[in-house]
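Trainee: sequence first, then the predicted structure, then my questions.
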Amino acid sequence: MSTISCPECAAEITLAAGTEVGEIIVCPDCGVDLEIVALEPAAAQLAPMEQEDWGE
Amino acid sequence: MKTTVSIVGGSGYGGGELLRLLLAHPRMEVKQATSRSHVGEYVYQVHPNLRKRTSLRFSDPSQLEPVDVLFLAQPHGQAQQHIEEYAQLAPKIIDLSADFRLRDAAFYEKWYGAKHAAPQWLGKFVYGLPELHRAELAAAKYVSGVGCNATAGNLALLPLVKAQLLDLSASILIEIKVGSSEAGAEGNAGSLHAERANVIRTFSAFGHRHTAEVIQEMGVTEVSLTMTAVDLVRGALATAHAKVKPGVTTKDLWKAYRAAANENPFVRVVKEQRGIYRAPDPKILAGSNYADLGFELDESNGHVVSICAIDNLMKGAAGSAVQCLNLMMGWEETLGLEFMGLHPI
């Protein structure tokens, strides 16, 4: 089972079986989008996210 | 066979919250709840949410009978007057008031402006916040309550202090927004709806008594609490401003806060980049025992903002007290405290 470290919050994330390069996953701790950029070894980078200030 | 429990001072908000928790607790049997002003009335006539859950009536305090555990939920200053009597009635006591929170009599006098009536008892009590004293609570006979504002402040600082990330040469400022139930069930002119509704009212810029609990429990000296009443019934939100040591990064903070959440069943980290609730908010904690923690760090200057949201009647009072009870009895720490809150609310 491959794991990655979230580049934002350092959470250790276990990749689901069948995860593919280019797939976007969500960090369960801080909520950022992560793009899987490699699988052997597994690696991810922050993916662009829509900014939201809720009108404030 | 269930463990028997009685509540001295059961008609206030803290007592009512204790009753709600203990009546539903799978290992407790509530024997008595006392109230001088409501003797003979059914408990649900004061705490309407308890209707059909109990036929208990309020007892006179002089009619208290021996039990396994005695909770004290009286106004501050009462428990210290009668602690010797209460200790004859129960081998384990948990006092929600401020009477036994501080370990040192002189420190108590400094913050409460009066000599303690039973200073020899101060050292017998363990401060009742499981996140700070879990091992001691497991062996304790006597446990104090916690100040709701102090709890919000202490838990906001806990990950930073425990991981030794703070620059303690800089002052710590904790701004706390509080709901009206903190003021208790007796009321005063300021709690009239006309005066209390819609407020954002700073009522204590510094010097609030709960500051003493933060000093004692966090081991910090340069700390101020500023208290602001807001238009909530339940809830407290502490926003702590401090400095971290040079070189501390956001990932260091993540590690510290994640450790706090992993070590404590009711501590959660809320620092989200999705959804509406991206930072701790007491709105969704009403009735739950969770403490939600969040943080932001300005890495350019080391300014850290640490946030803690709680329900003041739960994690800040009755919930922590029942959590302490579970630890004292050797039960699962979360027993009877599983309610996860409501959304939307």
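Mentor: That came through fine. No experiment lies behind these values; they were computed from the predicted model shown. Numbering: from 1, shown residues only, chains lettered A, B, ... in the order given.

Trainee: tell me the centre residue of chain A?
Mentor: Residue closest to the average C-alpha location in chain A (Cα atoms, centre = their mean): A:L34, at 2.6 Å.

Trainee: and chain A, which residues reach chain B?
Mentor: Within chain A, the positions lying close to chain B (Cβ under 8 Å from any Cβ of the partner chain) are A:9-11, A:26, A:29-32, A:49, A:54. All C-beta spots, glycine's among them, are computed from the backbone N, C-alpha and C.

Trainee: go again using 7 Å as the cut-off
Mentor: Along chain A, the residues adjacent to chain B under the rule Cβ under 7 Å from any Cβ of the partner chain are A:9-10, A:29-32, A:49.

Trainee: buried residues in the helix-or-strand element of chain B with minimal mean pLDDT?
Mentor: Sorting the helices and strands of chain B by mean pLDDT, DSSP states H and E puts helix B:193-196 at the bottom, at a mean of 90. Buried residues in helix B:193-196, defined by neighbour count with 16 or more other Cβ atoms under 10 Å in any protein chain shown: B:R196.

Trainee: what sits up against it?
Mentor: The contact list for helix B:193-196 (Cβ atoms under 7 Å, 6 or more residues apart in numbering or on different chains) reads B:180, B:189-190.

Trainee: and B:S288, how close does it get to chain A?
Mentor: Using Cβ to the nearest Cβ, to the nearest Å, one obtains 20 Å as the distance from B:S288 to chain A.

Trainee: ditto for B:S181
Mentor: B:S181 is 27 Å from chain A, where distance means Cβ to the nearest Cβ.

Trainee: need the three-state assignment for that residue.
Mentor: What DSSP: H, G, I helix; E, B strand; the rest coil gives for B:S181 is helix.

Trainee: strands paired with the longest strand along chain A, and their directions?
Mentor: Secondary structure of chain A per DSSP state E: the longest strand is strand A:33-39. Here strand A:33-39 has these sheet partners by DSSP bridges: strand A:24-26 (antiparallel), strand A:42-46 (antiparallel).

Trainee: touching that strand from outside, list them.
Mentor: Contact partners of strand A:33-39, identified using Cβ under 7 Å, 6+ apart, comprise A:2, A:6, A:19-27, A:43-47, A:49.

Trainee: hmm, try it at 6 Å
Mentor: A:19, A:21, A:23-25, A:27, A:43-45, A:47, A:49 (Cβ atoms under 6 Å, 6 or more residues apart in numbering or on different chains).

Trainee: next: stretch B:277-296.
Mentor: In contact with stretch B:277-296 (Cβ under 6 Å, 6+ apart) are residues B:155, B:234-235, B:237, B:253, B:257, B:266-272, B:305-311, B:314-315, B:319, B:337, B:339-341, B:343.

Trainee: before we move on, back to that, ok, which pair from the residues of chain A next to chain B is furthest apart?
Mentor: Within the residues of chain A next to chain B, two members stand farthest from each other by Cβ to Cβ: A:A10 and A:M49, at 18.0 Å.

Trainee: neighbour count: those two, which is higher?
Mentor: More neighbours surround A:A10 than the other of A:A10 and A:M49, with 17 against 13 (other Cβ atoms under 10 Å in any protein chain shown).
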